[in-house]
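[1] Could you look at this predicted model? Sequence included:
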Amino acid sequence: MANTKSRAQKKYFIFGSFILCCLGASLLASAMATLNWFEATCHTDQTTSTGSIHFGLFEGKRTLKDGSTATHNLRVVCDAGDCMYSCGLSKELRVDQLRLIRNNEYYTSWAVNNCTLLLLAKSRSPASLGTLWAKEEEEEEARAKAEVWAPEETRAKEEQEVEGERESSTDIAPTTEDSKDDTATPGSGQAEFMDYGLWAGTIACLCLGMLFAVVGALFAVINTATTPVEAITGVPGLYVWNTLAALFNLVCVICWAVQFHAHLTRNVLLYDKDNGWTTEGNEVFGYSYWLVVVAIFVHVANILIIFFGTYEPKVKEQMKAPESKSGTIMLY
């Protein structure tokens with residue numbers, strides 16, 4: 001009767017292990033699906049210019065408020081060991097944007113021509129930094145007013161000057177002096193782009209942690225219904241799956257922490273820095289990252305539950321001394 005009760009208690013603890021494995025896998029799936037591994041507010045020297053940015057492992061979103069509010073969807077692109085969040089519509093455009101920024105040949109007009117603007121809400125206040133969408137409107141209004149009174153020769157001259165300025169701003173590569181910037185590209189030794197190895201390692205460890213959490217849940221169900229003969233499919237296996245899940249989650253957290261401190265604590269607005277935008281000093285880990293940290297503690301708690309629910313101290317059997325047979329001799 002005592003053995004039957006003890007066996008029932010073990011099954012209750014093992015079923016609890018199944019629930020915790022499902023919880024751990026759900027936390028990891030949520031972390032992968034959400035876009036808040038990295039969060040930051042951005043600003044310029046102007047007090048009216050603010051914005052926000054948040055990244056997931058694959059996608060992100062950027063919102064800038066500078067008299068007008070512009071929002072872009074971002075996607076990760078990698079090339080030659082460097083990764084960044086690009087607003088390009090296709091993979092080819094995203095790679096092109098990364099290479100242009102790396103070679104210091106990028107211009108703001110590239111994003112206007114190749115990125116979809118999700119939201120452009122214009123306020124009454126003018127753009128403080130003259131962002132590109134506001135610049136074009138101001139130039140068109142100025143030209144329209146000038147056409148009313150300017151003579152034909154002056155008008156033609158102004159048009160040639162405007163065309164010359166546009167060509168110089170879009171086609172001519174920057175000189176050595178112009179290309180110097182306080183925020184250098186990775187080629188100059190400063191870390192702006194993400195590291196491909198750390199990014200891929202974060203995703204790989206997250207997937208492996210999720211896999212072992214699911215495997216642990218499946219074998220917990222098997223151990224609840226039956227008593228497996230082999231050790232790897234029994235209670236010892238539950239220790240293995242939960243330990244591996246916790247370890248891979250830990251490596252995932254470490255990889256992203258290194259990525260964050262080494263490559264994301266400078267200005268992540270690579271193609272807005274020429275307009276004065278920066279995120280430096282405003283970066284934090286998002287809640288998606290902390291979901292993986294919680295998953296580590298879930299699997300550690302799972303190991304403790306399995307231990308307290310299934311551990312049985314071995315009772316040492318005491319050896320009894322053989323009884324001495326004392327015989328009596330009968331004399332007749």
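    Yep, that arrived. Residues are numbered from 1 along each chain as shown.

[2] which residues sit in contact with residue 18?
    If you count contacts by C-beta atoms under 8 Å, 6 or more residues apart in numbering, residue 18 has them with 217, 220, 221, 224. Using the backbone N, CA and C atoms, a C-beta is placed for each residue, glycine as well.

[3] So which of these is the closest to residue 200?
    Closest approach to residue 200 among those (C-beta to C-beta): residue 217, at 26.3 Å.

[4] close enough to count as contact, the closest one and residue 23?
    No: if you go by C-beta atoms under 8 Å, residue 217 and residue 23 don't touch, sitting 9.4 Å apart.

[5] Looking at the two, which one has more neighbours?
    residue 217 (22 against 18; other C-beta atoms under 10 Å).

[6] Roughly how far does the more buried one sit from residue 25?
    7 Å (C-beta to C-beta, to the nearest Å).

[7] With residue 104 instead?
    Distance from residue 104 to residue 25, by C-beta to C-beta: 44 Å.

[8] what's the next secondary structure element after the helix or strand bottoming out on mean pLDDT in the chain?
    Taking mean pLDDT, DSSP states H and E as the measure, helix 176-179 is the helix or strand of the chain with the lowest mean score, a mean of 39. Once helix 176-179 ends, the next helix or strand along the chain (criterion: DSSP states H and E) is strand 194-195.

[9] Which residue of residue 104 and residue 25 possesses the greater neighbour count?
    The neighbour comparison of residue 104 against residue 25 (other C-beta under 10 Å) goes to residue 25, with 22 against 17.

[10] count of neighbours near residue 33?
    Residues lying near residue 33 (other C-beta under 10 Å) number 11.

[11] what do you get for the one 4 residues further on?
    By the measure other C-beta under 10 Å, the count of residues near residue 37 is 26.

[12] again with the one 4 residues further on
    The local packing count at residue 41 equals 13, with neighbours defined by other C-beta under 10 Å.

[13] Equivalent analysis for residue 7, please.
    For residue 7, the tally of surrounding residues (other C-beta under 10 Å) stands at 10.

[14] For the host helix or strand of it, list every residue counted as buried.
    Element membership of residue 7, judged by DSSP H and E, is helix 2-33. The neighbour-count check on helix 2-33 (16 or more other C-beta atoms under 10 Å) flags 10, 13-14, 16-18, 20-25, 27-29, 31-32 as buried.

[15] how about the helices of this structure, start to end?
    Ranges of helices in the chain, per DSSP state H, are 2-33, 91-102, 109-114, 132-149, 152-170, 176-179, 196-225, 235-263, 287-310.

[16] Now distance to residue 39 too, for those, in TSV please.
    What follows is those, written out as TSV (distance: least, C-beta to C-beta, whole Å):
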stretch	distance to residue 39
helix 2-33	14
helix 91-102	22
helix 109-114	22
helix 132-149	25
helix 152-170	33
helix 176-179	31
helix 196-225	16
helix 235-263	11
helix 287-310	8
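
[17] quick revisit: pick out whichever of the contacts of residue 18 sits closest to residue 292.
    residue 217 (17.5 Å).

[18] For that closest one, give its distance to residue 281.
    Using C-beta to C-beta, residue 217 is found at 42 Å from residue 281.

[19] thinking again about what came up before, so which of the contacts of residue 18 wins on neighbours?
    In the contacts of residue 18, the most neighbours by other C-beta under 10 Å go to residue 220, 26 neighbours.

[20] Verify the stated contact: that one with residue 13.
    No: applying C-beta under 8 Å, one finds residue 220 not in contact with residue 13, separated by 9.8 Å.

[21] Can you give me the buried ones in stretch 82-96?
    82, 83, 84, 85, 86, 87, 88, 93, 94, 95, 96.

[22] C-alpha coordinates for that stretch, PDB please?
    The C-alpha coordinates for stretch 82-96 follow below in PDB (Å, rounded to 0.1, in the frame of the first residue of the first chain):
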ATOM      1  CA  ASP A  82      27.900  42.400 -40.600                       C
ATOM      2  CA  CYS A  83      24.200  42.600 -39.800                       C
ATOM      3  CA  MET A  84      21.800  45.500 -39.600                       C
ATOM      4  CA  TYR A  85      18.100  46.400 -39.500                       C
ATOM      5  CA  SER A  86      17.200  47.700 -43.000                       C
ATOM      6  CA  CYS A  87      14.000  49.400 -44.300                       C
ATOM      7  CA  GLY A  88      14.600  48.000 -47.800                       C
ATOM      8  CA  LEU A  89      11.600  46.300 -49.500                       C
ATOM      9  CA  SER A  90      13.600  43.300 -50.900                       C
ATOM     10  CA  LYS A  91      16.600  41.300 -49.900                       C
ATOM     11  CA  GLU A  92      18.700  42.900 -52.700                       C
ATOM     12  CA  LEU A  93      17.800  46.400 -51.600                       C
ATOM     13  CA  ARG A  94      18.600  45.600 -47.900                       C
ATOM     14  CA  VAL A  95      22.000  44.200 -48.900                       C
ATOM     15  CA  ASP A  96      22.600  47.300 -51.100                       C
END
